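Asker: Quick one, structure for this:
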Amino acid sequence: MTTPGSTPPPTSGPATPVAEAPAGPTANPSTPPTGGPAAPPTSGPAAPPTGGPAAPQPGGPAAPAIGPGRPLPAWPQPMAAVPRPPSLIERRWPGPAGAARPLVLAVLTAAAVLGASTITMVRPGLGWLVAALAGTAVLAVAAVVRTTSSTAPPTTAATQATSTGRVAPATTARPDATGASGRAAQVVWAAATVALVGVGTLRAAGWLFALCLLAAVVTGTLTVTGGRSPLGMLLAAVLPPAATVRALPWAVRGLRDNRPAGSGIAVGRVLTSVAISAGLLMLFGLLFSSADAVFADLVSGLLPDISLPGTIGWTFRLLLIGGGLLGAAYLVSRPPHLDDLRPSPARPAHRLEWTLPLVLLDALFAAFVLVQLTVLFGGSAHVLRTAGLTYAQYARGGFWQLLAVTGLTLLVIAVAARRAPKATPTDRLLVRTLLGALTALSLVIVASALYRMQVYADAYGATRLRLVVATVELWLGLLFVLVGVAVVRLRATWLPRLVIGTAVLALLGLALVNPDRLIADRNVDRYLETGRLDADYVSGLSADAVPALARLPEPMRICALSRLAADLPRDGLWATNVGRERARPELDRIPVNTTSTYCLGLRYW
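Answerer: As a prediction, the model looks like this:
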């Protein structure tokens, strides 16, 4: 206990300082404050005196005042910025960190120049296959560079996230989000892409190459994105155009990077060397071509057209191919993480909600199948006599309706499999029974549609459209078999990839059987048996049909082949096609100026 005027005892603990004073001369800590006795020094540093009464601090000593010769107190630290969560694109597709590697840019430029110089826009040929192989080489180099750099820690991305106050994506610590199975699938899709593009070198049918090229766009997209789930595949379709835009800063950073590559040569010098080499080859090639006619014929197919329209077309192809390869290399260097991208689970429906519609649908399908079995065993003549239909009304109309039924059935099975409950053994048994019965009945409908198309082709001849829709129906039948397997197993994670894979196999199988020659063979056989032939249609087929049309007797053979002979000019090296080369010896013996009244007047024999 202290009396007024006495000195209080020292405190038992250090005094709480308000702020640390900077190093330098300070005031005498023993100077008492105004209005009270001097306090002895405590075990901690004493607050400096002020020129007036200090405002008391709750729970601690008085805060120092600001005055002449007094140190400034430290400002309070600002509050840390709250990091925002990463967006969906940052989490799923952060993109490659840093700049593009010089080797990737050099190979990409060479492949773009080669593709723009070899692709022929009028007639598909060898150039398309060469361009596809060059693009595959670019993706292989980008994948190898990615694998080589995947062991390095992602310091660049982490530094950027720290400096900007943003949370780094979860995939930053995992540069390669594609596993071994995903890489194997990408290799398979790449091989399928090259095979589809190579159809233009093997077959002369332009319509078949157009279908294969559309399928190659799908398989090429899956090659660079690696999507496997249905939602991932749908999202992968929009990534390549976006990747081309996002890859531009990535490529610019690589061009500005003056650090040498593994060979000690910067990317700018590599591109300069490639440009100088191409210019020298073109200059001296043109000079040698003008000096010798034989050499000119040899290199005429190698050098691009240097006229104004040819230069504009070449530049357009260069920009288009270069942009596509740049986006593909960007995706391969850091593929998006789409494997586990799936929609949220649907709320299971009540058992009655999905059981009643499927039972009624199964009953309807069963009644239709009973009628179709009568057709299959009794023959088309029985149906024609009973219903009073013609072949065209029976086959053509029924086929398209059954094709629509097949597609809608697949949609019904997909929705029912998603909404049906599978928690109890009874639920799983109902799913397998009802959906399995619907799948089996659909296979009979597919067989009926194919039979109708067979009747139609026998009556009116084979055409490209009839062959394509029959192929589609066969593919749908195979698809129903796969759906039946998925229904039995109650698992369908592998089904989306097999849907696209079987479609690619169907197209490659169609190219393997040589469709134009198959159509011509069917029509020629029909002519030899019945004496009826649509010569105007078969003469419009591609050069693949020439060996079959050559079996026609004279003068029908000349009339059928004269149009093909007139429309088959000489091909250059990059337009070389196996089908046209096989047909050329036969067509060279056909007089092009065939204008007989027989050929001009008769359109149908």
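
Asker: quick one, helices of the stretch 151-300 of the chain?
Answerer: Taking DSSP state H, counting those that start in this stretch, the helices of the stretch 151-300 of the chain run over residues 155-164, 180-202, 206-225, 230-236, 239-256, 267-291, 293-299.

Asker: Next, the buried residues of the third one.
Answerer: This points to helix 206-225. 208-209, 211-212, 215-216, 218-225 (16 or more other C-beta atoms under 10 Å). To be clear about C-beta, it is placed using only N, CA and C from the backbone, and glycine gets the same treatment.

Asker: Tell me the one of the residues you listed nearest residue 142?
Answerer: Closest approach to residue 142 among the buried residues of helix 206-225 (C-beta to C-beta): residue 224, at 9.1 Å.

Asker: would you turn the buried residues of helix 206-225 into JSON lines with pLDDT and distance to residue 116?
Answerer: Output for these, formatted as JSON lines (pLDDT from 0 to 100; distance: C-beta to C-beta, whole Å):
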{"residue": "208", "pLDDT": "94", "distance to residue 116": "24"}
{"residue": "209", "pLDDT": "95", "distance to residue 116": "19"}
{"residue": "211", "pLDDT": "94", "distance to residue 116": "24"}
{"residue": "212", "pLDDT": "95", "distance to residue 116": "21"}
{"residue": "215", "pLDDT": "94", "distance to residue 116": "23"}
{"residue": "216", "pLDDT": "95", "distance to residue 116": "18"}
{"residue": "218", "pLDDT": "92", "distance to residue 116": "23"}
{"residue": "219", "pLDDT": "93", "distance to residue 116": "22"}
{"residue": "220", "pLDDT": "92", "distance to residue 116": "17"}
{"residue": "221", "pLDDT": "91", "distance to residue 116": "21"}
{"residue": "222", "pLDDT": "89", "distance to residue 116": "25"}
{"residue": "223", "pLDDT": "90", "distance to residue 116": "21"}
{"residue": "224", "pLDDT": "88", "distance to residue 116": "20"}
{"residue": "225", "pLDDT": "85", "distance to residue 116": "24"}
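
Asker: thinking again about what came up before, how about the helices of the stretch 151-300 of the chain, which one is nearest residue 529?
Answerer: Closest to residue 529 of the helices of the stretch 151-300 of the chain is helix 206-225 (C-beta to C-beta; 27.2 Å).

Asker: where does the stretch 301-450 of the chain dip in pLDDT?
Answerer: 301-306, 339-346, 374-400 (pLDDT under 70).

Asker: Hmm, residue 199 and residue 215 touching each other?
Answerer: No. Between residue 215 and residue 199 there is no contact, the gap being 9.6 Å when judged by C-beta atoms under 8 Å.

Asker: Show me the common contact partners of these two, please.
Answerer: Shared contacts of residue 215 and residue 199, defined by C-beta atoms under 8 Å, 6 or more residues apart in numbering, are found at residue 507.

Asker: hang on, the earlier thing: output the helices of the stretch 151-300 of the chain in JSON lines; the columns should cover distance to residue 457.
Answerer: What follows is those, written out as JSON lines (distance: least, C-beta to C-beta, whole Å):
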{"stretch": "helix 155-164", "distance to residue 457": "60"}
{"stretch": "helix 180-202", "distance to residue 457": "24"}
{"stretch": "helix 206-225", "distance to residue 457": "18"}
{"stretch": "helix 230-236", "distance to residue 457": "35"}
{"stretch": "helix 239-256", "distance to residue 457": "39"}
{"stretch": "helix 267-291", "distance to residue 457": "51"}
{"stretch": "helix 293-299", "distance to residue 457": "45"}
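
Asker: so which of the ones you listed comes closest to residue 476?
Answerer: Of all the helices of the stretch 151-300 of the chain, helix 206-225 comes closest under C-beta to C-beta, at 16.3 Å.

Asker: what's the spacing between the residue lying closest to residue 323 once chain neighbours are set aside and residue 471?
Answerer: Once flanking residues are discounted, residue 323 sits nearest to residue 244: 4.8 Å by C-beta to C-beta, 6 or more residues apart in numbering. The spacing between residue 244 and residue 471, counted by C-beta to C-beta, to the nearest Å, is 34 Å.

Asker: repeat for residue 541
Answerer: Counting by C-beta to C-beta, the gap from residue 541 to residue 471 is 17 Å.

Asker: next one: residue 272
Answerer: Residue 272 is 50 Å from residue 471, by C-beta to C-beta.

Asker: who's more crowded, the two?
Answerer: A count of neighbours by other C-beta atoms under 10 Å puts residue 471 above the other of residue 272 and residue 471, at 16 against 11.

Asker: what packs against the host helix or strand of that one?
Answerer: Residue 471 is part of helix 464-489 when elements are defined by DSSP states H and E. On a contact count with 3 or more C-beta pairs under 8 Å, 6 or more residues apart in numbering; DSSP states H and E, helix 464-489 meets helix 397-419, helix 425-460, helix 495-512, helix 515-530.

Asker: which of the residues in that helix are buried?
Answerer: In helix 464-489, the ones that count as buried by 16+ other C-beta under 10 Å are 464, 466-467, 469-480, 482-484, 486-487.

Asker: And for stretch 352-362?
Answerer: Under 16+ other C-beta under 10 Å, the buried positions of stretch 352-362 are 354-355, 358, 361-362.

Asker: Quick check: nearest residue in space to residue 118, chain neighbours excluded?
Answerer: Nearest-residue entry for residue 118: residue 127, 3.5 Å, with adjacent residues in sequence omitted and distances by C-beta to C-beta, 6+ apart.

Asker: angle of the helix or strand hosting the one you found against helix 180-202?
Answerer: Using DSSP H and E, residue 127 maps to helix 126-149. Interaxial angle, helix 126-149 versus helix 180-202 (axes from the mean of the first three to the mean of the last three C-alpha atoms, to 10 degrees): 160 degrees.

Asker: Need the CA coordinates for helix 126-149. PDB is fine.
Answerer: Extracted in PDB, the C-alpha atoms of helix 126-149 (Å, rounded to 0.1, in the frame of the first residue of the first chain):
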ATOM      1  CA  LEU A 126      -1.100 -37.200-100.600                       C
ATOM      2  CA  GLY A 127      -0.700 -33.600 -99.300                       C
ATOM      3  CA  TRP A 128      -3.400 -34.000 -96.700                       C
ATOM      4  CA  LEU A 129      -1.700 -37.100 -95.200                       C
ATOM      5  CA  VAL A 130       1.700 -35.300 -95.200                       C
ATOM      6  CA  ALA A 131       0.100 -32.300 -93.400                       C
ATOM      7  CA  ALA A 132      -1.600 -34.600 -90.800                       C
ATOM      8  CA  LEU A 133       1.700 -36.300 -90.100                       C
ATOM      9  CA  ALA A 134       3.500 -32.900 -89.700                       C
ATOM     10  CA  GLY A 135       0.800 -31.800 -87.300                       C
ATOM     11  CA  THR A 136       1.100 -35.000 -85.300                       C
ATOM     12  CA  ALA A 137       4.900 -34.400 -85.100                       C
ATOM     13  CA  VAL A 138       4.200 -30.900 -83.500                       C
ATOM     14  CA  LEU A 139       1.900 -32.500 -80.900                       C
ATOM     15  CA  ALA A 140       4.500 -35.200 -80.100                       C
ATOM     16  CA  VAL A 141       7.200 -32.600 -79.600                       C
ATOM     17  CA  ALA A 142       5.000 -30.500 -77.400                       C
ATOM     18  CA  ALA A 143       4.100 -33.600 -75.300                       C
ATOM     19  CA  VAL A 144       7.800 -34.500 -75.000                       C
ATOM     20  CA  VAL A 145       8.700 -31.000 -73.900                       C
ATOM     21  CA  ARG A 146       5.800 -31.100 -71.400                       C
ATOM     22  CA  THR A 147       7.000 -34.400 -70.000                       C
ATOM     23  CA  THR A 148      10.600 -33.200 -69.700                       C
ATOM     24  CA  SER A 149       9.500 -30.000 -67.800                       C
END
